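Novice: The following comprises the amino acid sequence and a computationally predicted model.
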Amino acid sequence: MNKLKTVKNSQVNMIELVLPNDTNVLGNLLGGRLMHWIDIAAALSAARHCNSVAVTAAVDNLVFHHPIKLGDIVRLKASVNRAFNTSMEVGVKVEIEEIKTGEITHSNSAYLTFVKIDTETNKPAKVNEIIPESPEEKKRYEQALLRRNQRLSEKHGIIKN
């Protein structure tokens, strides 16, 4: 199947409510729980793009800018930024919605690499290209190639200053 897909076809919007079981002793969302939610949103986005199982291959730097509190609404927005041979870069934006005021705060962004898996052979499979349409999608598409090149350089021990 070589169907052309746009970034919009891969978009996932997830909403989670921070409950007591999700928090640490300070009443803040556990970092591991947020990472779990990010991975799920990204996996769904990758699967929507490739119409198959996709597995996490890497997660780029994840920085926690703002604490997420008990009772906050967490909004995760994921989409495929670019598809390569058997892999895809998925971007996830995390926002906090303060339930009492409705105020939205950008908490985190993460980039994850997913690999499409052929479920019959359990081996990586070719990913169809993705078509960016909006100026923002085109910007993320171009930046994804730069990040990929950086990842590959680091993987092969080539550090560029």
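Specialist: All right, it came through fine.

Novice: where does the protein have its least confident helix or strand?
Specialist: Within the chain, no helix or strand scores below helix 135-155, which has a mean of 90 by mean pLDDT, DSSP states H and E.

Novice: now the angle from the longest strand along the chain to helix 135-155?
Specialist: Among the segments of the chain that qualify as a strand by DSSP state E, the longest is strand 104-118. With axes from the mean of the first three to the mean of the last three Cα atoms, to 10 degrees applied, the angle from strand 104-118 to helix 135-155 works out at 60 degrees.

Novice: Show me what counts as buried in stretch 91-108.
Specialist: Neighbour-count burial for stretch 91-108, counted by 16 or more other Cβ atoms under 10 Å, picks out 91-96, 107-108. C-beta here means a position set from N, CA and C on the backbone, and glycine is covered the same way.

Novice: tell me which strands and helices the longest strand of the chain is in contact with?
Specialist: For strand 104-118, the packing partners by 3 or more Cβ pairs under 8 Å, 6 or more residues apart in numbering; DSSP states H and E come out as helix 31-50, strand 53-59, strand 73-83, strand 87-97, strand 123-124, helix 135-155.

Novice: so for it, what's the average pLDDT?
Specialist: Throughout strand 104-118, pLDDT has a mean value of 95.

Novice: so is Gly71 in a helix, a strand, or just coil?
Specialist: Secondary structure assignment for Gly71 (DSSP: H, G, I helix; E, B strand; the rest coil): coil.

Novice: what's the closest non-adjacent residue to it?
Specialist: Ile99 (5.7 Å; Cβ to Cβ, 6 or more residues apart in numbering).
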